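Trainee: Structure, please.
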Amino acid sequence: MILDNYRATWETEETDALRQHAREFIAREVTPNELKWEENHQVEREFWNKAGEAGLLCASIPEEYGGGGGTFAHEAVIQQELGLAGDSAWHNGVHSVIVAHYIYQLGTEEQRKRWLPGMASGELVGAIAMTEPGTGSDLQAIKTRAELDGDEWVINGSKTFITNGTHCDVVVIVARTNEQPGGKGLSLIVAETKDLEGFERGRVLDKIGQRGQDTRELFFTDMRVPADNLLGGVEGKGFIQLMQQLPQERLILAIAGASACEGAVRETIRYVNEREAFGRPLLGFQNTQFVLAECASETLAAKTLTDHCTGLHIEGKLTTAQASAAKYLASDLQSSVADRCLQLFGGYGFMREYPISRMYTDARVQRIYGGTNEIMKLLIAREFKLD
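Mentor: Below is the predicted model of the structure:
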């Protein structure tokens, strides 16, 4: 098949070994639990410790802070294996690629040493609290407030759609800390949630897809955190800090989308080779061949784009527009490929026991979170203006 014998230029023997290790761990600890996690709307808390013991958390964080000492390439192969397996319950990307890197890239040395080792071991689970009920992609409209009272920040507000909201021990909160308009008044403050007064986990959100992933509302009522928890010790720079980190977030979403496309294609190829209709395998019908040829070709294109962007990111050359293009194209294709593959399953594709049904419903949110694809197109188009 055209997706076989494909190898990105940034892959090495080391990432090959990690890929095999991640594949075995996922087959043993993730795939058998997908339906249970979906029913419970969360992975078990102990699973994070297992992932930490396996060395699959914070793979790109330096060893001196407890991480794997790798690069973004190591995070990419872990995410690719999760996408191939059709997993959407364990959001390691939020924990390892997003939250851990906010702390590593923006935090003080004391903050790195305080939080990163626990995140790498699984003792601490990370979340980031950006979205509010009335803001969506408009981060400059955030209303959650943090006021300095002596040596503490007093935080009031609410957040929604928070990934890892059930288990989070460390939350990076986007809050307004001064009266300047728009993004100028935003700061990033870290809350340690254990026994934290004023911190409340709201309802578990009932989603149409990614049902095994724990997503909640969070509420802050006169919640006090140490002044030293201001990320990087810099006030009023939150919006700039967010913009610096968002390309990596969007790239990991693009990788998730492209690998999920491949997972759907491979799952469907297995099915149409085994399933018969009118006395022959489904693969014997020209329509089946055409649909899978289209899906496999588009998947290869998505993999090529995301791997190109991954190489640029490893070299420190990835632009906002390039990350946005990868996220937009891969997530659009993820929905399209999953839809066309499900059609080849007929009625069985509508049954939750078949992985393709979850791949279909899980795909839809990819075009929304991390910045909607409409926002991605605006970011891409900004580069079209002549100087």
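Trainee: From here on, just use CA atoms for contacts and neighbour counts.
Mentor: OK.
Trainee: pLDDT score for the most centrally placed residue in the chain?
Mentor: With the centre of the chain defined as its mean C-alpha position, the nearest residue by CA atoms, centre = their mean is Gly93, 4.2 Å away. pLDDT recorded at Gly93 is 94.
Trainee: need the contact list for it.
Mentor: Glu75, Gln79, Ile252 (CA atoms under 8 Å, 6 or more residues apart in numbering).
Trainee: pLDDT at the last one, what is it?
Mentor: Reported pLDDT at Ile252 in the predicted model: 97.
Trainee: cool, and Arg275?
Mentor: Value for Arg275, per-residue pLDDT: 94.
Trainee: Contact partners for it?
Mentor: Contacts of Arg275 (CA under 8 Å, 6+ apart): Pro281, Leu282.
Trainee: how does it look with 10 Å?
Mentor: Contact analysis of Arg275 by CA atoms under 10 Å, 6 or more residues apart in numbering lists Pro281, Leu282, Leu283, Phe345.
Trainee: what does Ala296 give?
Mentor: Per CA under 10 Å, 6+ apart, neighbours of Ala296: Met1, Ile2, Leu3, Cys261, Glu262, Ala264, Val265, Arg266, Phe290, Ala302, Val337.
Trainee: Okay, and the nearest residue to Gly122 once chain neighbours are set aside sits in which element?
Mentor: Once flanking residues are discounted, Gly122 sits nearest to Asn49: 4.3 Å by CA to CA, 6 or more residues apart in numbering. Taking DSSP states H and E as the definition, Asn49 sits inside helix 45-53.
Trainee: counting contacts, what elements does that helix pack onto?
Mentor: Judged by 3 or more CA pairs under 10 Å, 6 or more residues apart in numbering; DSSP states H and E, helix 45-53 is in contact with helix 13-25, helix 109-121.
Trainee: so where do the strands sit in the stretch 1-150 of the chain?
Mentor: For the stretch 1-150 of the chain, the strands defined by DSSP state E, counting those that start in this stretch cover 126-129, 145-149.
Trainee: closest one to Thr166 among these?
Mentor: strand 126-129 (9.6 Å; CA to CA).
Trainee: Each with direction, which strands does the closest one pair with?
Mentor: Take DSSP bridges as the rule and strand 126-129 pairs in its sheet with strand 170-176 (parallel).
Trainee: Just the buried residues of the next helix or strand after the partner strand, please?
Mentor: Sequence order places strand 186-192 as the next helix or strand after strand 170-176, per DSSP H and E. Neighbour counts over strand 186-192 (16 or more other CA atoms under 10 Å) mark Leu186, Ser187, Leu188, Ile189, Val190, Ala191, Glu192 as buried.
Trainee: swap in stretch 1-13?
Mentor: Buried residues in stretch 1-13 (16+ other CA under 10 Å): none.
Trainee: Kindly report the same for stretch 200-214.
Mentor: Arg201, Gly202, Val204, Leu205, Gly209, Gln210, Arg211, Gly212, Gln213, Asp214.
Trainee: got the end-to-end distance for stretch 179-192?
Mentor: Stretch 179-192 has its terminal residues 26 Å apart, counting by CA to CA, to the nearest Å.
Trainee: Likewise for stretch 271-290?
Mentor: Stretch 271-290 has an end-to-end distance of 16 Å (criterion: CA to CA).
Trainee: Scan this protein for its longest helix.
Mentor: The single longest helix within the chain, with elements called by DSSP state H, is helix 238-274.
Trainee: In ChimeraX, how would I select the buried members of the contacts of Ala296?
Mentor: Listed next is the ChimeraX selection for buried residues among the contacts of Ala296, using 16+ other CA under 10 Å:
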select :261,262,264,265,266,302,337
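Trainee: quick one, domains of the protein?
Mentor: 13-124, 127-236, 240-384 (automatic domain parsing).
Trainee: Out of these, which is closest to Arg7?
Mentor: domain 240-384 (9.2 Å).
Trainee: tell me how far the ends of that closest one are from each other?
Mentor: Across domain 240-384, first to last residue, CA to CA, it's 22 Å.
Trainee: what about that domain, distance to the chain center?
Mentor: Centre-to-centre, domain 240-384 and its host chain are 14 Å apart (CA atoms, centre = their mean, to the nearest Å).
Trainee: and what of stretch 172-190?
Mentor: Per CA atoms, centre = their mean, the centroid offset for stretch 172-190 relative to its chain is 23 Å.
Trainee: What residues sit buried inside it?
Mentor: Neighbour count says stretch 172-190 has 172-178, 183-190 buried, by 16+ other CA under 10 Å.
Trainee: cool, stretch 108-120 as well?
Mentor: Neighbour-count burial for stretch 108-120 [16+ other CA under 10 Å]: Thr108, Gln111, Arg112, Lys113, Trp115, Leu116, Pro117, Gly118, Met119, Ala120.
Trainee: What's the local residue count around the residue lying closest to Ile208 once chain neighbours are set aside?
Mentor: Sequence neighbours aside, Thr361 is the residue nearest to Ile208 in space, at 6.4 Å (criterion: CA to CA, 6+ apart). Thr361 is flanked by 17 other residues according to other CA atoms under 10 Å.
Trainee: Same question for Glu24.
Mentor: Glu24 has 13 nearby residues by other CA under 10 Å.
Trainee: from here on, count from 45
Mentor: I'll keep to 45 as the first residue from here, and by that count the last item is Glu68.
Trainee: State the pLDDT value of it.
Mentor: Value for Glu68, per-residue pLDDT: 98.
Trainee: How about Ser181?
Mentor: 68.
Trainee: And Glu427, by the same measure?
Mentor: Glu427 carries a pLDDT value of 89.
Trainee: next one: Gln254
Mentor: Taking Gln254 on its own, its pLDDT is 95.
Trainee: Can you verify my assumption that it contacts Met403?
Mentor: Yes. Between Gln254 and Met403 there is a contact under CA atoms under 10 Å: 8.8 Å.
Trainee: Please enumerate the shared neighbours of these two.
Mentor: Asp131, Ser132.
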